[in-house]
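Engineer: Below: sequence and its predicted model.
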Amino acid sequence: MEQIVLNVELRSRTGKGICRQLRMKELIPGVVYGKGMEAVPVTVSPRELSAAIAGEGGQNHLITLSGGGVLDGTVIIVKDLLRDPIKGTPRHVDLQKINLAEKIRVEVAINLVGTAAGVKEGGLLDLAMHAVEVECLPNQIPEHLDLDVTSLTIGHSLHVGDLQLPAGVKVLADPKASIVSILGKAKEEAPAAG
């Protein structure tokens, strides 16, 4: 796995006014927290943060902090990213320190593979679940979980229990919860000629 480095700057002042000033300078206020440490307020460049969480896996990438003095070398994941509801620009970021030897819980996207047989028959694919919460060691976090839908026909569903999981990954959702279904009427049989 490629190592991603994120530069952060420690900040001593906190509060709404300071955060507003940082955003005006096109910086993102944030906080680093984790087990056994005090929360540390930081500032992050939006460009660097976007680059760190770009691509598949997004916020689940393992990121090493740099430039934060006491935080140098700390491995984190982006736990929460608050965005402006209109512009979509980041407004605040929560960075969670992780221990590579302890299991963590994260949301992982579900990737549908193939075209469902039911869709080819005129049915409608109904995706009920886009992501699922998993528990695993940080270096085992999958970028996504594939679910093959090619054999799915009208009136049938695939469930959480149908996901193929990599070694060491445990899904925390109900195995009977529906992920994807094919909606629509089954073709009626033509009346027999008599």
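Structural biologist: Okay, I see it.
Engineer: all contacts plus neighbour counts: C-alpha atoms, from now on.
Structural biologist: OK.
Engineer: any idea which helix or strand of this structure has the worst average confidence?
Structural biologist: helix 16-24 (a mean of 83; mean pLDDT, DSSP states H and E).
Engineer: Tell me who's in contact with the residue lying closest to Gly69 once chain neighbours are set aside.
Structural biologist: Excluding its sequence neighbours, the residue lying closest to Gly69 (CA to CA, 6 or more residues apart in numbering) is Leu10, at 7.8 Å. Leu10 is in contact with Val40, Pro41, Val42, Thr43, Gly68, Gly69, counting by CA atoms under 8 Å, 6 or more residues apart in numbering.
Engineer: And Ile182, by the same measure?
Structural biologist: Gly118, Val119, Gly123, Leu124, Leu125, Asp126, Leu152, Thr153, Ile154, Gly155, His156, Ser157.
Engineer: From the residues you listed, pick the one nearest Ile110.
Structural biologist: Distances from Ile110 to the contacts of Ile182, taken as CA to CA, are shortest for Asp126 (13.5 Å).
Engineer: how about that closest one, secondary structure?
Structural biologist: Per DSSP: H, G, I helix; E, B strand; the rest coil, the secondary structure class of Asp126 is strand.
Engineer: Now that it has come up, it's in contact with Val180, right?
Structural biologist: Yes. Contact criterion CA atoms under 8 Å: Asp126 and Val180 qualify, at 5.6 Å.
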